[in-house]
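>>> sequence plus the predicted model coming up.
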Amino acid sequence: MYPGDPQARAISSPAVVMTGSGAALSWTELDEKSTQLANYWRQLGLTVGDHVACLLDNSLEVPIVYWAAERSGLYFTPINSHLTAGEVAFILENCTARSLITNERLWSVAKEALSKAPPVPSVLVVSATSNDVLDFHATLNGQSSQPLEADIAGGAMVYSSGTTGTPKGVIRPLSGLQPGEFFGMSMALKMAFGTERTIRYLSTAPMYHSAPIDFAMGIHRLGGTLFIMERFDAEEALRAIEHYRITHSQWVPTMFSRLLRLDEATRLSYDISSLEYAIHGAAPCPIPLKRAMIEWFGPIIWEYYAGTDGGGSTTVSSPEWLARPGTVGRMLGGTLHICDDEGDELPVGQSGTIYFDNPNARPFHYFGDEAKTASSRSTQGWTTMGDVGYLDDEGYLFLTDRKAFTIISGGVNVYPQEAENVLAMHPDVADVAVFGIPHSDLGEVPHAVIQLVPSAIASEQLSTALLSYCREQLATIKCPRTLEFIEEMPRLPTGKLYKQRLKDRHWPPSS
């Protein structure tokens, strides 16, 4: 199903609701608006396979834009609304955008970006206040709402977070299917949730990230209602679950942490009994944090491991995870391989590069970067996101770290996540990052950056205590030699950590 499907118009519940304002779109409105935008693009001469970009906050306009692209056979690129003008310009140029949709709040950034990028033929601004630009809704109102002659499914080309370097656009061949047909994430959600149209899905994260977009479109294909938070707030999320009787939701570990920081009286004052699924991913979840969430929400928490780039995913239920704390689950529809740097498979329990062997996955490549694409493939054709981990004897995957952050200390591989997992369990630690810093003898050694809980006070004594706490549980070589405190960790709203930004402060630019 999709907004142009006649069955969609018969659904009485809204297609989209903004949880803060209550603003909503019916299925008929979503169909008409997305058709008008599709016709506008067709008038401009955009054809199947062209690219459009969107620089928006979470709003009703986001699903209008992505469904217009989806039913036009266009590639849709959402742009992180926190980027600088230079970073936005890079994406506009790299994705060869033929159209940009933005809003008045972000117009100054977009305008500067457009001055630095090659010409973009069409720019529409939501709630435009200047006569120099075209207003999004005024432009759509002048377009036909008659469907295109033949809808063909487009697709998202989302840029990686750039947490280990320059963001890369991840592109896959268009499916050739109709927009309402199930494939990819939509098929996975259909298998997991069935085809009930009573799904009420809470989208807590920014809609420029791949997972919220994939889940949102999948929920719409199931005929469910998409409830979008304008921005994440822990108590507002609980209020939305209670008020809208949310059945399905998606989270990242940072959100779990903020939920648990609410005082107990506040947490228990909201009725969350309507929740059937609470899905999380995007970043590693510390064991104590997830255990506390399962105790509160119940065994409805599911974790997935996937990425914008990559050819597969894993999932794990609450009971499975409780039996194997720390696992991110087993692969769906394929086989996992753990390999050394020479490409040879490693035995159970040994850490190496994680490869997905998924014959059903649509191949991806990094847009305009064939060298990066080649580096993501094994000689057997398996794909990797550059993560390191190991399998247990039942095929459950445990993540160790990004390969880019593996520390080589005196010739020994040290995986920072082991120390991060230990330090995250300390009651004074709110967030932690471990990475290698230069060392004259060993090449590099582990260093920790710690964000404390509000009640803790940074001190030399606490620093010493935290380092000792880690050494009590791990071999000394795996533990940080030094430690620093930071007011707030540089995490994206999606929960991903900009570890490279922390690491760069300790390494000379030439390295």
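That came in fine, so what should we check first? Residues are numbered from 1 along each chain as shown.

>>> report the separation between T139 and Q43.
10 Å (C-beta to C-beta, to the nearest Å). All C-beta atoms are positioned from the backbone trio N, CA, C, and that covers glycine.

>>> which one of the two has more residues nearby?
Comparing T139 with Q43 by other C-beta atoms under 10 Å, the one with more neighbours is T139, at 16 against 11.

>>> which strands and helices sit next to the helix or strand hosting the more buried one?
T139 belongs to helix 136-141 when assigned by DSSP states H and E. Secondary-structure packing of helix 136-141 (3 or more C-beta pairs under 8 Å, 6 or more residues apart in numbering; DSSP states H and E): helix 27-43, strand 122-126.

>>> any idea which element V62 lies in?
Under the assignment here (DSSP H and E), V62 is part of helix 61-70.

>>> low pLDDT regions in the stretch 151-300 of the chain?
151, 161-166, 180-197 (pLDDT under 70).

>>> could you pull out the helices for it?
Secondary structure of the stretch 151-300 of the chain by DSSP state H, counting those that start in this stretch: the helices cover 185-193, 210-221, 234-244, 253-261, 264-268, 287-297.

>>> next: the stretch 401-511 of the chain.
So, for the stretch 401-511 of the chain - with DSSP H, counting those that start in this stretch - the helices run 416-423, 460-471, 499-504.

>>> ok, which of those comes nearest L56?
helix 499-504 (24.8 Å; C-beta to C-beta).

>>> distance check, H51 against D369.
H51 is 16 Å from D369, by C-beta to C-beta.

>>> these two: which has the busier surroundings?
H51 (22 against 14).

>>> the more buried one reaches P78, doesn't it?
No: between H51 and P78 there is no contact under C-beta atoms under 8 Å: 11.8 Å.

>>> would you mind listing where the stretch 301-450 of the chain has pLDDT under the threshold?
Looking at the stretch 301-450 of the chain by pLDDT under 70, you get 308-310.

>>> check contacts around the residue in the chain sticking out farthest from the centre.
Distance from the centre of the chain peaks at D441, with 38.6 Å (C-alpha atoms, centre = their mean). Going by C-beta atoms under 8 Å, 6 or more residues apart in numbering, D441 touches G410.

>>> got the angle for the helix holding V62 vs strand 122-126?
150 degrees (axes from the mean of the first three to the mean of the last three C-alpha atoms, to 10 degrees).

>>> which residues does helix 61-70 contact?
2-3, 15-16, 25, 30, 33-38, 41, 52, 54, 56, 74-76, 78, 101, 103, 126, 136, 153-156, 179, 207, 213, 216-217, 220, 226, 228.

>>> R105: how many residues sit nearby?
Applying other C-beta under 10 Å, I find that R105 has 14 neighbouring residues.

>>> can you pull the contacts of it?
R105 neighbours (C-beta under 8 Å, 6+ apart): D57.

>>> how close does it sit to Q417?
37 Å.

>>> what do you get for L346?
Counting by C-beta to C-beta, the gap from L346 to Q417 is 17 Å.

>>> and those two? which has more neighbours close in?
Q417 (23 against 15).

>>> just checking, that one touches D401?
Yes: applying C-beta under 8 Å as the test, Q417 and D401 come out as touching, 4.4 Å apart.

>>> what residues go with each domain of the protein?
6-221, 333-404, 406-504 (automatic domain parsing).

>>> which of these is buried the deepest?
Across the domains of the chain, the average number of neighbours (mean count of other C-beta atoms under 10 Å) peaks for domain 6-221, which reaches a mean of 19.

>>> gap between that one and the chain center?
Distance of domain 6-221 from its chain centroid, counting by C-alpha atoms, centre = their mean, to the nearest Å, is 16 Å.

>>> end to end, how far does it reach?
Chord length of domain 6-221, first to last residue, is 13 Å (C-alpha to C-alpha, to the nearest Å).
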